[in-house]
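1. how would this look folded up:
(one chain, ligands or ions: 1)
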Amino acid sequence: MSPPSLKTRERLSEVRYEIRGELARRARELEAGGRILIKLNIGNPGAFGFRAPEHLQRAIADGIADTDPYTHQQGLPAAREAIAAFHQTRGTPGAAPDRVFIGNGVSELIDLSLRALLNPGDEVLLPSPDYPLWSAATILNDGRPVYYRCKVANDFLPDPDEIEALVSSRTRAIVLINPNNPTGASYPRALLERIVAIAAKHDLLLMCDEIYDGILYDDATFEPVAPLAGDVPCLSFGGLSKVHRACGWRVGWAVLSGDPARSDAFHHAMDLLGALRLCANVPGQFAIDAALRGVDTITPLCRPGGRLHEARRAVVESVAASRHLKLVAPDAALYAFPGVTGDAAEGFDDHDFALELLETEDVLIVPGSSFNVPYRNHFRVTLLPQPDALREVFSRIDRVLARHADR
Ligand code: PLP
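-> Residues are numbered from 1 along each chain as shown. Next up is the predicted model:
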């Protein structure tokens, strides 16, 4: 008889991260067998030929000789100064190096900050759809995700009245993902002001995942929450992965703002948890100053003629030409979240569709329900491939959907 297998943490059964899940595993098998796939599952610019700007690469090369020691748990002082200065320019109240936490990507800081905040049974208001790490980290830190809906009919914007109705005595934080992954929505200022007022009224921490803050199309704008939040405790997340195309360097930060007296204990908790993991990857931190004080390299990619702008155009036009798809055009970020409509939507299952698309058309997408929505007729693609590759992807998607519509 074989020995019993190791037990694992029970709450893991509630956690999903399908962006790198079963479909991605199947894709690797197909590739090992010689198939050439177009993989649209991960927002990983480096995998699509984007490079981190050269002045960032040089900053790391210049600093590498000084990267041997551990740093302060909150990060290199010079890097924290650059982040604080960037936030001061934005108008974040009380942005100071001492209130900046640098981590191994925003991912680590999402986990760390929820661990610092939550006690068993505490609730976190999360958007649906969400970026699923937020749900996972809430659950694994003994919290309970409570979802506010960002409905298709409302252009994927949240409804502040719904958010307020969901607040309970256990609610500890409101998470905002703005600009949004997976929908590409960028929230208007008046909406954010209403959400800030709810946080103020109910004494909640605002957790603002703003990692896509510079990736904006056409006349879309980005409104950071912290400057609107005044004394309300607010944690604003940013990093090098997307705007600076350096996912692999694993550099992210979180800036704590608002009345320090209200967030002192939280600050200490973050500092302690940071100290327990010693420090974040040091070489990548040398690029932060160069990224935040150097030339803007993302805006040209998002303007007409720029690679991301043209990719977005390819997706929007492909969907418009399809009988089977609808789309709230993304204002921002690196994704589109189309829905299946008409005859093809009858009995449609996003997982079955994603698998069929992979097996028969060599295209890997992420089913919409992976982003914690209750419906199953959406999917996410990244805007990172070349525009022509995206047009090709949508012609293959349409071929599969035409088969569905005929069934
Ligand atoms: N937050 C959002 C909304 C994301 O989309 C991602 C990555 O895709 C992250 C956080 C994690 O980013 P990082 O590479 O900084 O860990």
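2. quick check: pLDDT value at residue 294.
-> At residue 294, the model reports a pLDDT of 87.
3. before we move on, what about residue 405?
-> At residue 405, pLDDT is 86.
4. the chain should start at 41 in everything you say after this.
-> Sure thing, new numbering starts at 41, so read that last one as residue 445.
5. does it sit in a helix, a strand or a coil?
-> helix (DSSP: H, G, I helix; E, B strand; the rest coil).
6. so how far is residue 380 from it?
-> Remark: distance between residue 445 and residue 380 (Cβ to Cβ, to the nearest Å) = 9 Å. Every residue, glycine included, has its C-beta placed from N, CA and C.
7. mind listing the shared neighbours of these two?
-> residue 364 (Cβ atoms under 8 Å, 6 or more residues apart in numbering).
8. so between the two, which is more surrounded?
-> Legend: neighbour count by other Cβ atoms under 10 Å for residue 445 and residue 380, higher for residue 380 (24 against 17).
9. distance of that one from residue 392?
-> Residue 380 is 12 Å from residue 392, by Cβ to Cβ.
10. residue 301 too?
-> Taking Cβ to Cβ as the measure, residue 301 falls 53 Å from residue 392.
11. who has more neighbours, those two?
-> Using other Cβ under 10 Å as the criterion, residue 301 and residue 392 rank with residue 392 on top: 13 against 9.
12. tell me which element the residue lying closest to residue 330 once chain neighbours are set aside is part of?
-> Here the nearest residue to residue 330 in space, its sequence neighbours aside, is residue 99; by Cβ to Cβ, 6 or more residues apart in numbering that works out to 3.9 Å. Assignment of secondary structure by DSSP states H and E places residue 99 within helix 94-103.
13. in PDB, list the C-alpha atoms belonging to that helix.
-> As requested, C-alpha coordinates have been extracted for helix 94-103 and formatted as PDB (Å, rounded to 0.1, in the frame of the first residue of the first chain):
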ATOM      1  CA  GLU A  94      17.200  50.800 -21.900                       C
ATOM      2  CA  HIS A  95      17.700  53.400 -19.300                       C
ATOM      3  CA  LEU A  96      16.100  51.100 -16.800                       C
ATOM      4  CA  GLN A  97      18.400  48.200 -17.900                       C
ATOM      5  CA  ARG A  98      21.400  50.500 -17.500                       C
ATOM      6  CA  ALA A  99      20.300  51.600 -14.000                       C
ATOM      7  CA  ILE A 100      20.300  48.000 -12.900                       C
ATOM      8  CA  ALA A 101      23.700  47.300 -14.600                       C
ATOM      9  CA  ASP A 102      25.200  50.400 -12.900                       C
ATOM     10  CA  GLY A 103      23.800  49.400  -9.500                       C
END
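14. and the residue of this protein closest to the ligand?
-> In the chain, the residue that lies nearest the ligand is residue 145 (2.5 Å; Cβ to the nearest ligand atom).
15. I figured that residue hits residue 291, correct?
-> Yes - contact criterion Cβ atoms under 8 Å: residue 145 and residue 291 qualify, at 6.8 Å.
16. who's in contact with residue 216?
-> Under the criterion of Cβ under 8 Å, 6+ apart, the contact list for residue 216 reads 167, 198, 227, 232, 235, 246, 247, 248, 249, 265.
17. give me that answer again for 6 Å
-> When the contact criterion is Cβ atoms under 6 Å, 6 or more residues apart in numbering, the partners of residue 216 are residue 248.
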